[in-house]
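**Student:** Dropping a prediction and its sequence here:
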Amino acid sequence: MYTEDDLLMLSALQHLLFCPRQCALIHLEQAWTENRFTAEGRVLHERVHTAATDSRCTVRVEYDMPLRSLRLGLSGRADIVEMHQQEDSSWLPFPVEYKRGRPKKDDTDRVQLCAQALCLEEMLDCTVPEGALYYGQKNRRTPVQFDDRLRRVTEEAAGRLHELLSGTVTPAPEYSRRCESCSFIDTCLPRTAGKKNQVRNYMTRMTQS
Amino acid sequence: MKKHLNTLFVTTQGAYLAKEGETVAVRIEGKVRLRLPVHTLDGIVCFGNVGCSPFLLGFCGERNLTVSFLTEYGRFLARVQGPVSGNVILRREQYRRADDLDFSARMARAFINGKVANCRALLNRTVRDHGDRLDSEAVGDAANHLTGLLKSLGRGRPLEEVRGTEGDGAHVYFSVFDHLIIRNKEDFFFHRRSRRPPLDRVNCLLSFLYTLVMHDVRSALECTGLDPAVGFLHRDRPGRSGLALDMMEEFRPLADRLTLSLINRGQLQAKDFVVSEGGGVRMKDKARKTLLTAYQERKQDVLLHPFLEEKMPLGLFFHTQALLLARFLRGDLDGYPPMIWR
Ligand code: SF4
């Protein structure tokens, strides 16, 4: 169990899964790229509109709902949690995340959603079997089952996140194709950082001739 | 990293700056004379009697834009800045390393290597371009002397010796600086550095340009989350920006080169300056504008960054160097690579 002081941002999970160095750049070095957060704020707005049209009478929609889990040591907000009324008239939470672009092959988005579900379970003392991702580019919902595998992956990612962010070391970069789509490429210097003797050779070249 | 690198310099006395939507509006005598979108700026510098609405100041702080206030003649007075970038781990590392004298000497060697190499490049280049119009032998000798100093700046030299080399380098370089002036020699000459006050027109230009470069280096360090006050070569002294002065070293020859080109292209004349009773020299308004414009334009020039081997506007080099320094302190690089031109 974590205490409230230890809680990390739920959204950091997606950074960790994308690239641990990116996660450390954002959360340890606090080197965010400009306008990143303003851009995210805008997306929230679009999202709210899309969901509002979906609400039916057996569904209540909560926007921007604060979440936390002491077990995972995470806190954050869910942009949309739909409360679906069951036959016994109890309400079952159903988290929905809006994502720009198209569905990803990896678990990144599913893990973030699953972490929201785990928070909801802990806070409302219930079981959340399912949620959905809404992809802007495909303009449709992809259902996500919170099965044992996804829960394990999520818990394990939360553990790694705590490990990374309790230290002070930013992991070395590993240059790969995803770097080209990473907004931190200019601050990270994935092609240069971590190479041996790079500066020493440069200095010799520039001054000793 | 920042992509847009425009600094808004306001020199019109009595001008007033206010926020209008997402823009900065510059009012002169009640009329809006200029509107600039905030996202295209990385700083605002006000000279002399220039007003600024508190609301605009707050907005700039939020957008990570620093607003500086200088006297009409470029002496720094105050700056308004948003929340310090929260990079506490980096700062702690910087402080720890600055306490280590061996490490400080290593950093100092890097900065001085950069400076001396860039001074040498400036000398060589002037000989190449104008060899027939100046004493190319004297200038060439000085360049060779600097090459010798670079060789002596090897590893393991303690801080005091690095300082000594820096002093020798500056002496050699400035002793031939007058040769690099090839136009209007009776009005523009250089004997030695004088700063408080500058005693000739060339010193006046140098001092003013160094202030501008200093301002940019400082902002770049702050944006990266480094503390501009805690230096390696320039040790702590209250009120002094040690690290900014350290990083200035490699950029000084840039200001020198701009000074020379303003004179050698005839963009400035003797009549653009005022000499006061005690011999101190000041620029007139028009000269200051010419110089600020030239500096701005120079910062837009796209050059190849020698270490990253990427093209970028010169103005971005300040940020890049601050970033490289941070990356070195965080352990991602095997040293700090100063910016060295060929
Ligand atoms: S540029 Fe590459 S290595 Fe660096 S943070 Fe982004 S994805 Fe990670």
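**Tutor:** Thanks, I have the structure now.

**Student:** Show residues contacting whatever helix or strand B:Arg92 lives in.
**Tutor:** Under DSSP states H and E, the secondary-structure element containing B:Arg92 is helix B:88-99. Residues outside helix B:88-99 that contact it (Cβ atoms under 8 Å, 6 or more residues apart in numbering or on different chains) are A:28-29, A:168, B:103-104, B:107, B:224-227, B:230-232, B:236, B:243, B:326, B:329-330. The way it works is simple: take the backbone N, C-alpha and C, and place the C-beta from them, glycine included.

**Student:** quick one: low-confidence parts of the stretch 101-250 of chain B?
**Tutor:** Under the criterion pLDDT under 70, the flagged ranges of the stretch 101-250 of chain B are B:239.

**Student:** Ignore what I typed, I meant chain A.
**Tutor:** Judged by pLDDT under 70, the stretches of chain A that qualify are A:31-57, A:137-138, A:194, A:209.

**Student:** State which helix of it is the longest.
**Tutor:** Identified as the longest helix of chain A according to DSSP state H is helix A:148-166.

**Student:** Phi, psi for the closest residue to B:Thr23 other than its chain neighbours please.
**Tutor:** Nearest residue to B:Thr23, sequence neighbours excluded (Cβ to Cβ, 6 or more residues apart in numbering or on different chains): B:Arg35, at 4.7 Å. Here is the backbone geometry of B:Arg35 (degrees, to the nearest 10): phi -130, psi 130.

**Student:** is B:Arg35 in a bridge, and if so with what?
**Tutor:** On the basis of DSSP bridges, B:Arg35 is bridged to B:Ala25.

**Student:** wait, isn't it in contact with B:Ala25?
**Tutor:** Yes - look at B:Arg35 against B:Ala25 with Cβ atoms under 8 Å: they come within range, at 5.1 Å.

**Student:** Tell me which of those two has more neighbours.
**Tutor:** Taking other Cβ atoms under 10 Å in any protein chain shown, B:Arg35 and B:Ala25 do not tie; B:Ala25 has more neighbours (17 against 12).

**Student:** Could you report the neighbour count for the residue of chain B found nearest the ligand?
**Tutor:** Chain B approaches the ligand most closely through B:Asp332 (10.3 Å), counting by Cβ to the nearest ligand atom. Number of residues near B:Asp332 (other Cβ under 10 Å) recorded here: 21.

**Student:** just A:Asn139 next, same as before
**Tutor:** The number of residues near A:Asn139, taken as other Cβ under 10 Å, comes to 8.

**Student:** list the contacts for B:Gln296?
**Tutor:** When contacts are counted by Cβ under 8 Å, 6+ apart, B:Gln296 touches B:Asn6, B:Thr7, B:Phe9.

**Student:** Same check on B:Asn264?
**Tutor:** B:His130, B:Ile181, B:Ile182, B:Arg183.

**Student:** May I see the PyMOL selection of the buried members of those residues?
**Tutor:** Listed next is the PyMOL selection for buried residues among those, using 16 or more other Cβ atoms under 10 Å in any protein chain shown:
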select buried, chain B and resi 130+181+182
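
**Student:** Near the ligand, list only the ones from the contacts of B:Asn264.
**Tutor:** The subset of these within reach of the ligand, by Cβ under 6 Å from any ligand atom, is empty.

**Student:** elements contacting the longest helix seen in chain B?
**Tutor:** Longest helix in chain B, counting residues (DSSP H): helix B:101-130. Secondary-structure packing of helix B:101-130 (3 or more Cβ pairs under 8 Å, 6 or more residues apart in numbering or on different chains; DSSP states H and E): helix A:198-207, helix B:88-99, helix B:136-152, helix B:159-175, helix B:242-264.

**Student:** ok, the nearest residue to A:Ser11 once chain neighbours are set aside to the ligand distance?
**Tutor:** Leaving aside its chain neighbours, A:Ser11 sits nearest to A:Gly76 (5.7 Å; criterion: Cβ to Cβ, 6+ apart). In this structure, A:Gly76 and the ligand are 21 Å apart, going by Cβ to the nearest ligand atom, to the nearest Å.

**Student:** Specify the angle between the host helix or strand of A:Gly76 and helix A:148-166 in degrees.
**Tutor:** Here A:Gly76 sits within strand A:74-85, counting by DSSP H and E. For strand A:74-85 against helix A:148-166, the angle by axes from the mean of the first three to the mean of the last three Cα atoms, to 10 degrees is 150 degrees.

**Student:** In terms of secondary structure, what does the helix or strand following strand A:74-85 contact?
**Tutor:** Sequence-wise, the next helix or strand downstream of strand A:74-85 (DSSP H and E) is strand A:91-99. Contacts defined by 3+ Cβ pairs under 8 Å, 6+ apart place strand A:91-99 against helix A:36-52, strand A:74-85, helix A:108-124, strand A:130-135.

**Student:** what's in contact with the third one?
**Tutor:** The set of residues external to helix A:108-124 that reach it, using Cβ under 8 Å, 6+ apart, is A:10-11, A:13-14, A:17-18, A:67-72, A:74-76, A:78, A:81, A:93, A:95, A:97, A:99, A:103, A:126-128, A:131-133, A:144, A:146, A:150-151, A:153-155, A:157-158.

**Student:** Does it reach the ligand?
**Tutor:** No - using Cβ under 6 Å from any ligand atom, helix A:108-124 never reaches the ligand; the gap is at least 12.5 Å.

**Student:** Get me the contact residues on chain A for chain B.
**Tutor:** Within reach of chain B by Cβ under 8 Å from any Cβ of the partner chain, chain A has these residues: A:28-31, A:33-35, A:168-170, A:172-173, A:186-187, A:189, A:192-200, A:202-203, A:206-208.

**Student:** Those residues: which ones sit near the ligand?
**Tutor:** Among the residues of chain A next to chain B, the ligand is touched by A:Pro173 when using Cβ under 6 Å from any ligand atom.

**Student:** Just the buried residues out of the residues of chain A next to chain B, in ChimeraX syntax.
**Tutor:** Buried members of the residues of chain A next to chain B, defined by 16+ other Cβ under 10 Å, are picked up in ChimeraX with:
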select /A:28,29,31,33,34,170,173,186,187,189,192,193,194,195,198,199,202,203,206,207
